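*Asks:* Pasted the sequence and its predicted model underneath.
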Amino acid sequence: MSDEEFDENTLEFGEEHFEEGEEEEEDRGVESDRETVPLSAPSKRIKEMPIDRLSELPDSLLVHILSFLGVKEAGITSVLSKRWKFLWAELPKLEFCENWEAKKKHDFVTWVNRTIDTRRRGYLERFLVKFINYDKCFASDLDDWIEFSVKNKVKELILMLFPCGTGYYTPPQMMYSCSSLTALHLSGCIMAYERTIGWQSLTDLTLSEVELNQHLLDEILSSCPVLSRLELEECWGFNRLEVISRCLDRLTIEEFGSEPFLEISAPYIRSLNITVNPQGRKWQLRNISSVVKASIKFFELDGDCSVEVMSNAKEFLEQFNHVNYLDVGNVCFEVLSIMAVNGWQLPQLKLRHLTITSFSEYEHIISGIICLLESSPNLETLLLEGYETDGEIVDLDPAAKGDLDGDLLHLKEIRVNNLADQNGEPLLTLARILLSRAPALEEMVIVIDVEDTSDFVNIAQTLLTYPRSSTKAKIHLLSSN
């Protein structure tokens, strides 16, 4: 700081710093509660004097500073002074996470109760409780926590309950009437009773491991006018999902229910993520023509890939043939690969962006990728995500096709992650095919995980020998180590 930034070379110090020499101040005729001390004046008191800038800040700013800490860490500041004793409890976000020690459940509940009893402020941005060993004997405490949240006009309420038995929690009506809520995340609860929904501001709803009857689900979908994102993860109690709101454009469903049939109608959904059991109940997707981005994932198969499973997979793919973005999960890709090996024809897809996740050492990986590429003539970007092979040598199917039937005329960007063993396979085979069949390719980014530097060099040198149908194509080979 330059000399010009000081006011006549002076600094100010509050009177609370001058504990000694008060008579000297009176001799100088200081009448105000602050003193201007020349910098040039030798004063031992100035050198020893602590400057408490923090205490001069308003409470609102101190609470903002404390908000960068967790509730426990912020609570430690209560010992600083009388002013700080309850300041920490005014945090706009209160987050309580119980550990896995079941014997400390009562301590956890007591901690939450004491915190909310201490709080005085009337606004709450987020209230989060993660209760690992929830027992139904604590239901009344959870009722009090929800009442506290509602009275403080909470915006984001997250209850992540993991029951230690069959004691699922049933939230009270006041939660359903909370008009201030913009985001709600419930886990390990029962919402199977008739309730009156008053979520006029709710935009984000996530339900995980929740019992949800058909009537209440219909009520939620029709009574949340600004709901834009809905996630149902391992929920049960319904067999129909009819989304009629124009605001709701992102839907995620992870199957769990025992009902033999699930019907989904979502004419305005833009993004749809589905995780299903291809050996389980039947799905009927209708009115999903607005979907632009889709993700299809399967649970692990119980046994071999049957004709029924392959038929279900093909049906799913056909219902998403109009999307621009498609993400194919690991098990789903394995099923599609087996279909390709057995001569099944996949439907023609209009997608422009494709993401495939697969185990790197999967023997039919080449067949599966080629089959999907041949079904996607308009593809512009391709992302291949592989799981690490732990150093194992990939044993590829020798009967796999070694080339595409035609060029990928629109493919411009390719990224391949962790699809190479120490010999570079299956990466090198895929790279050779793609480089020769992508005349519009601009960039190929490859990330590999090999421990030996010589393996990295050998893979790089092999890549450079492959002919490229695109004169603009650039290859970037990176190591994840």
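*Replies:* Nice, I can see it.
*Asks:* Just the pLDDT at the nearest residue to N481 once chain neighbours are set aside, thanks.
*Replies:* The shortest distance from N481 to any residue other than its chain neighbours is 6.4 Å, reached at D449 (C-beta to C-beta, 6 or more residues apart in numbering). (Each C-beta comes from the backbone N, C-alpha and C, glycine too.) D449 carries a pLDDT value of 87.
*Asks:* ok, now the one 4 residues further on?
*Replies:* T453 is assigned a predicted lDDT (pLDDT) of 90.
*Asks:* tally of neighbours for the closest residue to I448 other than its chain neighbours?
*Replies:* Using C-beta to C-beta, 6+ apart and skipping the chain neighbours, the partner closest in space to I448 is A420 (4.3 Å). Neighbour count of A420, defined by other C-beta atoms under 10 Å: 28.
*Asks:* which residues touch A420?
*Replies:* A420 makes contact with 360, 426-428, 446, 448-450, 459 under the criterion C-beta atoms under 8 Å, 6 or more residues apart in numbering.
*Asks:* from these, which ones fall inside strands?
*Replies:* Residues of these located in strands (DSSP state E): 446, 448.
*Asks:* mind listing the helices in the stretch 51-200 of the chain by residue range?
*Replies:* 59-66, 71-75, 105-118, 139-151, 173-176 (DSSP state H, counting those that start in this stretch).
*Asks:* wait, I meant the stretch 351-481 of the chain
*Replies:* 365-374, 427-437, 453-465.
*Asks:* now for these, which one comes closest to T196?
*Replies:* helix 365-374 (47.4 Å; C-beta to C-beta).
*Asks:* what packs against that closest one?
*Replies:* helix 330-341, strand 353-359, helix 427-437 (3 or more C-beta pairs under 8 Å, 6 or more residues apart in numbering; DSSP states H and E).
*Asks:* Can you report how many residues neighbour K136?
*Replies:* Neighbours of K136 using other C-beta under 10 Å come to 15.
*Asks:* pLDDT score assigned to K93?
*Replies:* Value for K93, per-residue pLDDT: 77.
*Asks:* N417 versus that one, what's the distance?
*Replies:* Look at K93 and N417: by C-beta to C-beta, to the nearest Å, they are 35 Å apart.
*Asks:* returning to what we had before: mind putting the helices and strands packed on helix 365-374 into TSV with mean neighbour count and distance to S265?
*Replies:* TSV is the format used below for the helices and strands packed on helix 365-374 (neighbours: other C-beta atoms under 10 Å; distance: least, C-beta to C-beta, whole Å):
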stretch	mean neighbour count	distance to S265
helix 330-341	22	23
strand 353-359	20	26
helix 427-437	20	38
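*Asks:* Could you save these as JSON lines and add columns showing distance to H106?
*Replies:* Formatted as JSON lines, the helices and strands packed on helix 365-374 follow (distance: least, C-beta to C-beta, whole Å):
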{"stretch": "helix 330-341", "distance to H106": "42"}
{"stretch": "strand 353-359", "distance to H106": "43"}
{"stretch": "helix 427-437", "distance to H106": "55"}
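*Asks:* who wins for proximity to Y134 among the ones you listed?
*Replies:* Taking the helices and strands packed on helix 365-374 one by one with C-beta to C-beta, helix 330-341 is closest: 31.3 Å.
*Asks:* Compute the inter-axis angle for the closest one and strand 353-359.
*Replies:* 90 degrees (axes from the mean of the first three to the mean of the last three C-alpha atoms, to 10 degrees).
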